[in-house]
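Undergrad: quick one, fold the following:
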Amino acid sequence: MKELQGLLQELEPHHTTLVAVSKTHPPEKIMELYNAGQRDFGENRVQEMIEKYEQMPKDIRWHLIGHLQTNKAKYVTSWVHLIHSIDSFKVLKEINKRAKNDERTVDCLLQFKVAEEDTKYGFEPEEAYEMLRSEQFQNLKNIRINGVMGMATFTDDMEQVRREFKQLRNIFQHLKDNFFADQDSFRELSMGMSGDYRIALEEGSTMVRVGSLLFGERAYG
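TA: A predicted model of the protein is given here:
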């Protein structure tokens, strides 16, 4: 897996975690990376992630990176490693409720909408700040906010991508300074995919979500 090794060498000086985005790819393809030492894998759809979790080695760290509907939270809270895509207070409260039943604390990232695309989910900054100031949020004892996630606009304009990553980094820093200053666990800035991860690294990404560079194009069918 020379693609994997090359990517890991690129990420190492930045101390950035590689999440291999395995959506639509079968377990045997994932096992090739697993056997080469990769343990962090990302899925967009809950059902697909459940099926792979049940079939595959239990030391894999599964990252849910796609939009999570509240009615699906109960299926993953007992074992998911990190949910990147918290985009509403409603889903956060549901995860907390299910995690309490599982007697576990679930690590989460707040997803922010920094792209100029209507198709992207995420909080607006002021909306998230209001949530974090609320007493309701303070009472959520079975979730832990580890950082933020965002996706740049799908465009060839790399300066726009850089601006959006800078915006996300600024949001991360504002949250760190004003809400999580005493929490060492708040440290993840999840941004960057196959087409823009190098810019994300330059802008301080701690976690990149890379699929096609590792697996080739998505397998639909």
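
Undergrad: buried residues in whichever strand or helix holds residue 127?
TA: When elements are assigned from DSSP states H and E, residue 127 belongs to helix 125-133. Of the residues in helix 125-133, those buried by neighbour count under the rule 16 or more other Cβ atoms under 10 Å are 125, 128, 129, 131, 132. Quick note: C-beta positions are derived from backbone N, CA and C, even for glycine.

Undergrad: could you count how many residues lie near residue 44?
TA: When neighbours are defined as other Cβ atoms under 10 Å, residue 44 has 18 of them.

Undergrad: now swap in residue 148 and tell me
TA: 28.

Undergrad: cool, the one 5 residues further on as well?
TA: Taking other Cβ under 10 Å as the criterion, the count of residues near residue 153 is 15.

Undergrad: residue boundaries of the helices in the protein?
TA: According to DSSP state H, the chain carries its helices in the segments 2-11, 27-35, 46-55, 89-101, 125-133, 135-138, 158-178, 197-202, 212-215.

Undergrad: if we can go back for a sec, now do the helix holding residue 127: everything it contacts.
TA: With Cβ atoms under 8 Å, 6 or more residues apart in numbering as the contact definition, helix 125-133 has outside contacts at 89, 92, 110, 112, 123, 137, 171, 174, 175, 178, 179.

Undergrad: apply 6 Å and report the result again.
TA: Counting contacts by Cβ atoms under 6 Å, 6 or more residues apart in numbering, the residues outside helix 125-133 that touch it are 89, 110, 137, 171, 179.

Undergrad: highest neighbour count among those?
TA: The most neighbours of any of the contacts of helix 125-133, using other Cβ under 10 Å, belong to residue 110, which has 25 neighbours.

Undergrad: mind checking how far the residue nearest to the spatial centre of the chain is from residue 181?
TA: Averaging the C-alpha coordinates of the chain gives a centre point, and the residue nearest to it by Cα atoms, centre = their mean is residue 84 (3.0 Å). Spatial separation of residue 84 from residue 181 under the definition Cβ to Cβ, to the nearest Å is 22 Å.

Undergrad: so where is the chain shaky, pLDDT-wise?
TA: Within the chain, the stretches with pLDDT under 70 are 218-221.
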